[in-house]
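A.B. asks: Kindly generate the corresponding structure for this input.
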Amino acid sequence: MKLRARRRIGEISRGLEKAKANQNDSLIPTAGKKREVLAQAGLSTSVANRCEKLAAIPEDKFEAVIAKAKENNRPVTPTQASEFSL
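C.D. replies: Okay, the predicted model is just below:
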């Protein structure tokens, strides 16, 4: 359950990176805003980055890793899950 929650945090965090265009169609940097939102949620940028790596794993591979761990009655760490994304 924790691993899926971290993956969801990564999906949300990744969405915060998107820059918005202003009337002149130039990009406005949002890094400061992202950092503020993460801080309000009690997350550091390094934790958010690790969660984003989990979110980058294709869903079918991610779920396969979890299913295999359940079969073997073992927990999956975020590091183990991210190794399967390669």
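A.B. asks: can we go C-alpha only for contacts and neighbour counts from here?
C.D. replies: Noted.
A.B. asks: Quick check: closest non-adjacent residue to the residue nearest the centre of the chain.
C.D. replies: For the chain, residue 10 is the residue whose C-alpha lies nearest the centre (Cα atoms, centre = their mean; 1.7 Å). Nearest residue to residue 10, sequence neighbours excluded (Cα to Cα, 6 or more residues apart in numbering): residue 52, at 3.7 Å.
A.B. asks: Okay, helices next: where are they in this protein?
C.D. replies: Along the chain, the stretches classed as helices by DSSP state H are 2-16, 31-40, 45-55, 59-71, 78-83.
A.B. asks: looking at those, which is buried most?
C.D. replies: helix 45-55 (a mean of 19; mean count of other Cα atoms under 10 Å).
A.B. asks: what about it, average pLDDT?
C.D. replies: Average pLDDT, helix 45-55: 90.
A.B. asks: Which residues does that helix contact?
C.D. replies: The set of residues external to helix 45-55 that reach it, using Cα atoms under 8 Å, 6 or more residues apart in numbering, is 6-11, 13-14, 35, 38, 78, 81-82.
A.B. asks: For those, give me a markdown table that also has distance to residue 61 and pLDDT.
C.D. replies: Shown next, in a markdown table, are the contacts of helix 45-55 (distance: Cα to Cα, whole Å; pLDDT from 0 to 100):
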| residue | distance to residue 61 | pLDDT |
| --- | --- | --- |
| 6 | 16 | 91 |
| 7 | 13 | 91 |
| 8 | 15 | 92 |
| 9 | 18 | 92 |
| 10 | 16 | 92 |
| 11 | 16 | 91 |
| 13 | 21 | 90 |
| 14 | 19 | 88 |
| 35 | 29 | 85 |
| 38 | 27 | 88 |
| 78 | 13 | 70 |
| 81 | 9 | 67 |
| 82 | 10 | 66 |
